[in-house]
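In: below are the sequence and a predicted model for it; my questions follow.
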Amino acid sequence: MRTLRAITLLAALLPLSAAISEPVHVSDGLVSGVAGSSSDVRVFKGIPFAAPPVGDLRWRAPKAPQHWEGVRTADKFSDTCMQRRPANAATERAMSEDCLYLNVYTAAKSAKDHRPVMVWIHGGALTSGAGSLYDGEALAKKGVVVVTVNYRLGVFGFYANPELTKESDRNASGNYGLLDQIAALEWVQKNIAAFGGDPRRVTIFGESAGSWSVNYLVATPLAHGLFQRAIGESGAEFAPARKLSDMEQAGVKFGQSIGADSLAALRSKSADDLQKATGFATAANVDGWLLPQDVYTIFAQGKQNDVPVLIGSNADEGTMFTPPTVKAAAFRETAAKRFGPDADAFLKLYPFNSDEEAWAAQAASMRDQVFGWEMRTWARMQTKTGKSKAYMYFFSRVPPGQNRAKGAYHGSEIAYVFGNLEVAPFAVSAGGGPRPWQDIDRKLADTMSSYWVNFATTGDPNGKGLPKWPVYHAKDDMLMSFADSIEVKPVPNKAALDFLDGYFERQRQSGGTRPGQ
C-alpha cells in the first residue's frame, strides 16, 4: 500500500505532458499508457473490465476483474475474442477466451477536463472483430475520450441452453456478449473520469453488429443510465426476434452435434474445439431479462432508454453480401416464396431484365430490408414514443481506389467517422496498395467526425461552420446526405421502405420469423 501511495503522489507532482499524466488510478489498480502517434494523445491498451470468462465462467455473466498490485503497463492490445477468422489477417493477432479488455484514447490534460466520452462497439456479425482494430486518436484530438471494447463472440457470446438457463439466477441464457458490453459501460461509469472523461456524457456508437448492439443497449433496462446518447451505423433489430426457447433448443442440438450432451461436457471442450465446430447460428434472444420483450415492442411501448440518436446507412450496403451467381429466375422465385401475393409489388420496386440487373436488384433489396428499413424504423419509433431527438443520415460517397465491394459499401463510412483516413486499415485499398484519398474525402472525414463529436458533446450534431442538420420527422422524411456534397435530402428509396413497413407489420401479427429463417 505504501508503494501505491508513493506512486500516486509522484504522479501528482510530475509535470503534465500534452496528454493526461500517468499512472491513472482505476478501480482495480494503477495503469500507465503510452504515447499515441501524436504527442497530444495518450493511449491505454488492454485494460481488463471483467474477469477472464474461462473455465466455470464460460457462459456466465461477466464478473469483476481481479485487483492488481503496482502499475499495470497498458502498452499492448489484448488478444481478440475467439472467432472463426483472425480479426486482422495482416497481423494475425492472437485469439483467446481471455479477451474482455478495452482501450482508452485521451488528449485530456487532467482528470478535471470532463470531456465527452465515445464508446465504440465493433461490428462483425457478432462473430468477428475487435476493439483494437479501430484507432480513436483523431476523435480524441477533437476533444472526446474514446473507448473501444471487446465482447464475447459467436458460440462463446450467444450460446443458450436449458441447463444454462436453470443455472442462471435470472432464468436466462445467451446474450453474454451484450452483457459484456454493459460491463464495459459500467467500467466507464466508474473509471473514465480518471482519464479526463465525463461519465454523465457517454455516447455509445457502433457499425453493423456494433449498431445492432447499440440498438439492444438502447432497448434493455440493464443499460439504463450508462449512456446519454447513441449512434447507430447500418444496423438495428426491429424485425421479428428470436425467442430464448428456440435458441435453447438450437443449443442442445449444437451440443449433441459435437458429442457434448451436458453443460459440464460443453465446458470441458477446448476453446479451439468449440470455435472449429459448425452449426451454431449466432444471435441475441428475447430472454426476459436483458430483453424483456423484442426491440420493436419495447420501443412501441416507449420503454426504451430515451436518449438522442444519430442513425443511418449507406447507399450500397448490399453489394458486399450479394453473390455473383444471382440469376433473374432464381431472384423472381425467391420473391414469390417470401412475399406471396405481394411479390409483384415487390418486383416492381426492383425491376430487372437480365441476370446482371437481377444482381443489382437483389443487392438493392438487401440494402433496404436489412439496413434502410431498420434505420428509418428506429428513427420513427424514437420520435413516436420518446421525447429525445433523432437525426438521420445517408452515406453515398464511394471511397477512391479498389474497394471490397461496389459503391458506398457496408462499412465504408467508418473511416470518415473516425477521421483517420491515413491510418490502417482504412489507408489501404482492397488491392493492397495505398488508398488514393482525395481532398473531398479529407473534407468529408473532417465534417462527419465533427458532427459525431458535436453529438457526443451536446446531443445535437450541429455546430459552427457545419451545414445545418435537421431533426428527423416522419412527416417529411428528411435526412443529411453525405456524398460528394453534403446536403439535406428526402430519405432515399422511400417507396421500398413503405412497402417493407407493411410486410414486417404482417410478419409481427402472424408471429413470423426474421428474413432468411
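Out: Now that the structure is in, tell me what you want to look at.
In: what helices or strands is the top strand by length along the chain leaning on?
Out: When the chain is parsed with DSSP state E, its longest strand is strand 197-207. The contact analysis (3 or more CB pairs under 8 Å, 6 or more residues apart in numbering; DSSP states H and E) places strand 197-207 against strand 115-121, helix 176-191, helix 209-219, strand 229-233, helix 439-458. Placement of C-beta: from N, CA and C, glycine included.
In: who does that strand pair up with?
Out: Applying DSSP bridges, strand 197-207 is found paired with strand 115-121 (parallel), strand 229-233 (parallel).
In: report pLDDT for the most centrally placed residue in the chain.
Out: In the chain, the centroid-proximal residue (CA atoms, centre = their mean) is residue 210; its distance is 1.2 Å. As predicted, residue 210 sits at a pLDDT of 98.
In: residue 91 now?
Out: 50.
In: ditto for residue 427
Out: Residue 427 is assigned 89 on the pLDDT scale.
In: could you find the closest non-adjacent residue to it?
Out: residue 435 (5.8 Å; CB to CB, 6 or more residues apart in numbering).
In: so who does that neighbour touch?
Out: Each residue near residue 435 by CB atoms under 8 Å, 6 or more residues apart in numbering is listed here: 399-401, 421, 426-429.
In: now neighbour count and distance to residue 127 too, for those residues, in TSV please.
Out: Output for those, formatted as TSV (neighbours: other CB atoms under 10 Å; distance: CB to CB, whole Å):
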residue	neighbour count	distance to residue 127
399	23	25
400	13	30
401	14	27
421	19	27
426	21	22
427	14	26
428	14	23
429	17	25
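In: in TSV, list the residues you listed along with distance to residue 40 and secondary structure.
Out: Converted to TSV, those look like this (distance: CB to CB, whole Å; DSSP: H, G, I helix; E, B strand; the rest coil):
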residue	distance to residue 40	secondary structure
399	27	coil
400	28	coil
401	29	coil
421	18	coil
426	20	coil
427	20	coil
428	25	strand
429	28	coil
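In: which of those sits closest to residue 348?
Out: Looking at these and their distance to residue 348, the nearest is residue 399, at 31.9 Å (CB to CB).
In: quick one: contacts for residue 43?
Out: Taking CB under 8 Å, 6+ apart, we find residue 43 in contact with 33-36, 74, 103-105, 137.
In: quick check on these: which are buried?
Out: Buried by 16 or more other CB atoms under 10 Å: 33, 36, 74, 103-105, 137, out of those.
In: now the helices for the stretch 301-450 of the chain?
Out: For the stretch 301-450 of the chain, the helices defined by DSSP state H, counting those that start in this stretch cover 328-339, 343-349, 355-366, 373-385, 414-418, 439-458.
In: how about TSV for these, with mean neighbour count, distance to residue 322 and mean pLDDT added?
Out: Output for these, formatted as TSV (neighbours: other CB atoms under 10 Å; distance: least, CB to CB, whole Å; pLDDT from 0 to 100):
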stretch	mean neighbour count	distance to residue 322	mean pLDDT
helix 328-339	14	10	96
helix 343-349	15	16	97
helix 355-366	20	4	97
helix 373-385	23	17	98
helix 414-418	23	20	98
helix 439-458	20	25	98
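In: wait, which of those is closest to residue 503?
Out: Using CB to CB, the helices of the stretch 301-450 of the chain put helix 328-339 closest to residue 503, at 6.9 Å.
In: ok so, going back, so which of the buried ones among the contacts of residue 43 are in strands?
Out: The strands, defined by DSSP E, take in 103-105 from the buried ones among the contacts of residue 43.
In: and those residues as CSV, adding pLDDT and distance to residue 456?
Out: CSV is the format used below for these (pLDDT from 0 to 100; distance: CB to CB, whole Å):
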residue, pLDDT, distance to residue 456
103, 98, 17
104, 98, 15
105, 98, 13
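In: out of those, which is nearest to residue 511?
Out: Taking those together and measuring to residue 511 by CB to CB, the closest member is residue 103, at 42.1 Å.
In: looks like the closest one contacts residue 132 (just checking).
Out: Yes - between residue 103 and residue 132 a contact is recorded at 6.2 Å, counting by CB atoms under 8 Å.
In: between these two, what contacts are shared?
Out: Taking CB under 8 Å, 6+ apart as the contact rule, residue 103 and residue 132 both touch 45, 77, 148.
In: residue 59 sits in which helix or strand?
Out: Counting by DSSP states H and E, no helix or strand carries residue 59.
In: one step back: out of the strands paired with strand 197-207, which gets nearest to residue 368?
Out: Nearest to residue 368 among the strands paired with strand 197-207 is strand 229-233; the distance by CB to CB comes to 16.4 Å.
In: got the buried residues for the helix or strand just after the closest one?
Out: Later in the chain than strand 229-233, the nearest helix or strand by DSSP H and E is helix 244-257. By 16+ other CB under 10 Å, the buried positions in helix 244-257 come out as 244, 246-248, 250-251, 254-255.
In: filter the shared contacts of residue 103 and residue 132 down to the ones in strands?
Out: Filtering the shared contacts of residue 103 and residue 132 for strands - DSSP E - leaves 45, 148.
In: now the shared contacts of residue 103 and residue 132 in a markdown table, with pLDDT and neighbour count?
Out: As requested, the shared contacts of residue 103 and residue 132 are arranged in a markdown table below (pLDDT from 0 to 100; neighbours: other CB atoms under 10 Å):
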| residue | pLDDT | neighbour count |
| --- | --- | --- |
| 45 | 98 | 21 |
| 77 | 97 | 20 |
| 148 | 98 | 24 |
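In: what's the closest of the shared contacts of residue 103 and residue 132 to residue 490?
Out: residue 148 (34.4 Å).
In: now distance to residue 467 too, for the shared contacts of residue 103 and residue 132, in TSV please.
Out: What follows is those, written out as TSV (distance: CB to CB, whole Å):
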residue	distance to residue 467
45	36
77	37
148	29
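In: which among the shared contacts of residue 103 and residue 132 gets closest to residue 270?
Out: Set against residue 270, the nearest of the shared contacts of residue 103 and residue 132 by CB to CB is residue 77 (23.4 Å).
In: distance of the closest one from residue 213?
Out: Plainly put, residue 77 is 20 Å away from residue 213 if you go by CB to CB, to the nearest Å.
In: could you do residue 167 as well?
Out: 24 Å.
In: and those two? which has more neighbours close in?
Out: residue 213 (27 against 13; other CB atoms under 10 Å).
In: residues contacting that one?
Out: Each residue near residue 213 by CB under 8 Å, 6+ apart is listed here: 121, 126, 151, 177-178, 181, 206.
In: low-confidence regions, the stretch 401-517 of the chain specifically.
Out: In the predicted model of the stretch 401-517 of the chain, residues 512-517 satisfy pLDDT under 70.
In: which residues in it form strands?
Out: Residue ranges of the strands in the stretch 401-517 of the chain, as given by DSSP state E, counting those that start in this stretch, are 478-482, 486-490.
In: so which of these gets nearest residue 228?
Out: Nearest of these to residue 228, taken as CB to CB: strand 478-482 at 21.4 Å.
In: touching the closest one from outside, list them.
Out: Residues from elsewhere that reach strand 478-482, judged by CB under 8 Å, 6+ apart: 312, 391-397, 413, 416, 444, 447-448, 451, 467, 469-470, 472, 486-491.
In: so what strands line up beside it?
Out: In its sheet, and by DSSP bridges, strand 478-482 pairs with strand 390-395 (parallel), strand 486-490 (antiparallel).
In: if we can go back for a sec, how about the buried residues of helix 244-257 in CSV, adding distance to residue 231?
Out: Formatted as CSV, those follow (distance: CB to CB, whole Å):
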residue, distance to residue 231
244, 29
246, 31
247, 28
248, 33
250, 32
251, 32
254, 34
255, 37
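In: got the buried residues for stretch 112-127?
Out: 113-124, 126-127.
In: do stretch 479-493 as well
Out: For stretch 479-493, the buried set under the neighbour-count rule, 16+ other CB under 10 Å, comprises 479-483, 486, 491-493.
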